[in-house]
Structures are given as structure tokens and as C-alpha cells.
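S.K.: no letters, just coordinates:
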């Protein structure tokens with residue numbers, strides 16, 4: 001029998017781009033989601049999609065909370081784009097699934113084998129995806145179980161699902177792995193740190209790392225939208241100060257931070273809020289030469305850049321790159337180190 005020769009693919013997946021030509025898969029409007037692999041691709045049987053928080057919030061709002069409408073919107077996005085890229089937020093999420101096929105050109109380039117269960121650590125906004133059926137929507141944790149398949153490009157990063165943590169828990173943590181890992185890089189001993197949206201999935205992980213890195217000489221401030229959300233964070237002792245505030249009220253948040261820091265403001269501000277128009281509360285709360293890390297995909301670069309200029313703020317602003325070296329290991333290690341966080345995340349996400 002004659003061997004089948006697979007088509008050669010580009011490491012970054014440009015061979016899948018349909019429209020417009022010449023761009024990478026993430027900014028593309030439409031990509032080829034045919035589930036016949038190229039020689040350097042990995043085919044995955046998908047179990048669960050973990051949709052980006054900003055994206056899922058927008059979809060829920062559009063669907064007015066109706067689960068069937070949520071399914072319809074998600075199926076429509078994939079049918080139109082060949083990937084799950086929210087046309088409003090531009091963001092995607094990530095997935096968990098089982099390796100079904102590995103292209104021959106990947107030999108020596110991956111440690112994966114057929115049958116391995118993995119979480120992709122690249123966005124659904126660039127991942128060729130087919131959804132045959134949506135089996136369950138867990139809208140409280142932004143997860144959707146599906147019957148379908150996806151493609152991982154040669155350049156795509158992934159993590160094997162750990163055996164010592166529940167799968168859905170690992171998926172939820174890995175979805176936001178960039179946030180605590182970047183926090184670990186940014187926060188130094190003695191720093192004053194504000195986490196906006198600190199009671200959320202990524203926010204609590206950032207608080208843990210900030211407290212760990214700032215040490216006894218530092219101060220970590222948790223801000224949440226509701227007082228009931230703050231209670232779970234207080235019980236775990238993840239911060240030194242706790243405030244309730246509306247992140248869209250820039251001046252109101254600034255006044256709170258001025259009071260808590262005796263006018264010194266914060267060395268590092270981490271924004272994890274999944275709704276728009278929260279840029280300026282983070283910028284105003286940061287001292288000159290400090291750092292603002294915008295992890296949220298609801299962030300507007302234009303509003304942040306021009307807003308900082310408009311108020312004369314000389315701050316370093318970092319776009320929420322979901323990847324930094326060893327981010328999967330850092331985030332999963334938090335679950336092993338902190339029994340309180342692990343039990344809370346199990347309760348919510350597993």
C-alpha cells in the first residue's frame with residue numbers, strides 16, 4: 001500500500017489562513033478548519049472549551065443568560081471563522097482534549113503521544129476548531145463541554161494534564177496561567193501591589209503570587225466589585241487590604257488607593273477585570289515609573305495609552321500576554337502549595 005504524504009505546513013499555521021491572506025491565524029477573519037492534518041500539526045479530540053472570561057461575559061450578555069442562545073452564538077462563531085474568536089472582544093480561550101494524531105514532521109519536536117490528555121496553552125482565537133455538538137454549558141465557570149476536534153500548530157504550546165489535580169480544575173488554572181506567572185516576575189520584595197478584580201479566577205492566583213513575592217515588607221491590596229466576593233479572599237488571607245469598588249470609576253478607585261497608601265500609590269497594578277473601561281483606575285493607582293499589567297482581554301490599548309498620556313502618568317504598561325516562561329508550572333504549583341486555594345478552586349471549578 002502506498003504511504004500517504006501529508007501536505008507541508010508552516011510552523012505558525014499560516015497555511016490555514018483563508019482571509020485575509022498574508023496574516024497569522026490569530027488576526028485572520030477566517031481560517032481553514034478542515035480536520036485533515038498537515039505534516040506538522042497535531043489533531044485533538046476536544047472534551048472541554050474554557051472560554052476567555054471577557055469573551056464569555058460578552059456572549060452571556062448577548063444571549064441574556066439563555067443557555068441555548070449561548071450555544072447558538074458559539075456555534076455561529078466557529079461556523080463563520082473556523083475558530084472560536086469572539087468578534088466583539090477578539091479573544092478566545094483554550095481547550096482540553098486527547099491527542100488523536102501527530103504529523104510525522106513533529107517527530108523529535110514534541111514529547112506527545114497519541115492518547116495523551118493535554119490542555120492547549122494557545123488561544124482558541126487562532127486554533128482551527130470544529131464543534132459537532134455542545135453537550136453542556138457551565139456558564140458560572142466559563143466552560144463548555146463539546147463533541148469536536150481541533151488542530152495544534154507546530155509552534156503551539158501545551159501542558160499535559162497533571163494526574164494529581166482534577167481535570168476541570170487544571171483547565172481553569174491553566175487558562176489564566178500567564179497572570180500569576182507574570183505577577184511572579186513583576187513583584188519585588190517590599191512592593192505595594194493592587195490587584196483589580198482580585199476575587200476572580202485569575203485575580204486570586206495573582207494575589208497569592210504577589211503576597212509571596214512582596215513579602216512581609218510589602219503590601220498587597222485586593223479590590224473586588226462586591227463585598228461578598230471579598231469574603232472568600234479574606235478567609236484565605238490572600239491580601240493585606242481589601243476594598244470594594246467599581247473599576248470603571250477611576251477617580252473613586254484612585255482616592256481609595258491614595259488613602260490606603262498614604263499618597264504613595266502602587267508599585268505594581270494588575271488588572272484582571274473582564275469588562276471594558278477599567279483602564280484608568282489601574283493607571284491612576286500606579287506611581288510614576290511603576291508597572292500596570294493588563295491581563296484582561298477587555299483592555300483597550302488606545303484607552304490605556306491615550307488615557308495615561310492625558311493625565312500625565314509615566315507608567316510602564318504591559319499587555320496581558322498569556323504566555324511567559326514556565327507559566328503552566330507556576331500556576332499549577334499554586335494549587336499544590338495552597339490548600340485553601342486548592343479547595344476553593346475545586347469547589348468552584350472541579
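M.R.: Arrived safely, thanks for sending. Predicted model, so just to flag it, every value in this text is computed and none were measured.

S.K.: show me how this protein divides into domains.
M.R.: Following the TED database, one finds the domains of the chain at 14-161, 175-349.

S.K.: got the ones you listed as TSV, with mean neighbour count columns?
M.R.: From N, CA and C alone the C-beta is placed, and that goes for glycine too. Converted to TSV, these look like this (neighbours: other Cβ atoms under 10 Å):
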stretch	mean neighbour count
domain 14-161	19
domain 175-349	20
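
S.K.: nearest to residue 168, of the ones you listed?
M.R.: domain 175-349 (5.6 Å; Cβ to Cβ).

S.K.: gap between that closest one and the chain center?
M.R.: 14 Å (Cα atoms, centre = their mean, to the nearest Å).

S.K.: averaged pLDDT, it. What do you get?
M.R.: What domain 175-349 shows for mean pLDDT is 94.

S.K.: got the end-to-end distance for that domain?
M.R.: 12 Å (Cα to Cα, to the nearest Å).

S.K.: shouldn't residue 195 be within a strand?
M.R.: Yes: counting by DSSP: H, G, I helix; E, B strand; the rest coil, residue 195 is part of a strand.

S.K.: could you measure from it over to residue 212?
M.R.: Here the criterion is Cβ to Cβ, to the nearest Å. By it, residue 195 lies 13 Å from residue 212.

S.K.: so what's the residue nearest to the spatial centre of the chain closest to, chain neighbours aside?
M.R.: Computing the C-alpha centroid of the chain and ranking residues by Cα atoms, centre = their mean puts residue 176 first, at 3.8 Å. Spatially, and ignoring its direct neighbours in sequence, residue 176 is nearest to residue 202 (3.7 Å; Cβ to Cβ, 6 or more residues apart in numbering).

S.K.: sorry, back to before: can you redo the domains of the chain as TSV with distance to residue 8?
M.R.: Converted to TSV, the domains of the chain look like this (distance: least, Cβ to Cβ, whole Å):
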stretch	distance to residue 8
domain 14-161	5
domain 175-349	26
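
S.K.: run through the helices of the protein in chain order.
M.R.: 53-63, 67-81, 167-175, 178-186, 201-214, 227-236, 250-260, 279-284, 301-310, 327-337, 339-349 (DSSP state H).

S.K.: how about those helices in a markdown table, adding distance to residue 270?
M.R.: Below are these laid out as a markdown table (distance: least, Cβ to Cβ, whole Å):
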| stretch | distance to residue 270 |
| --- | --- |
| helix 53-63 | 14 |
| helix 67-81 | 29 |
| helix 167-175 | 16 |
| helix 178-186 | 6 |
| helix 201-214 | 5 |
| helix 227-236 | 14 |
| helix 250-260 | 13 |
| helix 279-284 | 8 |
| helix 301-310 | 14 |
| helix 327-337 | 14 |
| helix 339-349 | 17 |
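
S.K.: how about the ones you listed, which one is nearest residue 147?
M.R.: That would be helix 67-81 among the helices of the chain, by Cβ to Cβ, at 12.0 Å.

S.K.: now do the closest one and helix 53-63, the angle between them.
M.R.: 120 degrees (axes from the mean of the first three to the mean of the last three Cα atoms, to 10 degrees).

S.K.: contacts for helix 67-81 next, please.
M.R.: Residues from elsewhere that reach helix 67-81 (Cβ atoms under 8 Å, 6 or more residues apart in numbering): 29-31, 33, 51, 59-60, 62-63, 84-87, 129-131, 134, 137, 139, 144.

S.K.: before we move on, what about stretch 113-121?
M.R.: Under Cβ under 8 Å, 6+ apart, the answer for stretch 113-121 is 44, 94-102, 112, 127, 150, 152, 156-161, 167, 170-171, 174, 177, 322-323, 327-328.

S.K.: at 7 Å what do you get?
M.R.: If you take Cβ atoms under 7 Å, 6 or more residues apart in numbering as the criterion, stretch 113-121 is touched by 94-102, 112, 127, 152, 156-161, 170-171, 174, 177, 323, 328.

S.K.: just to revisit the earlier point, isn't the residue nearest to the centre of the chain up against residue 200?
M.R.: No: using Cβ atoms under 7 Å, residue 176 is not in contact with residue 200, being 8.8 Å away.
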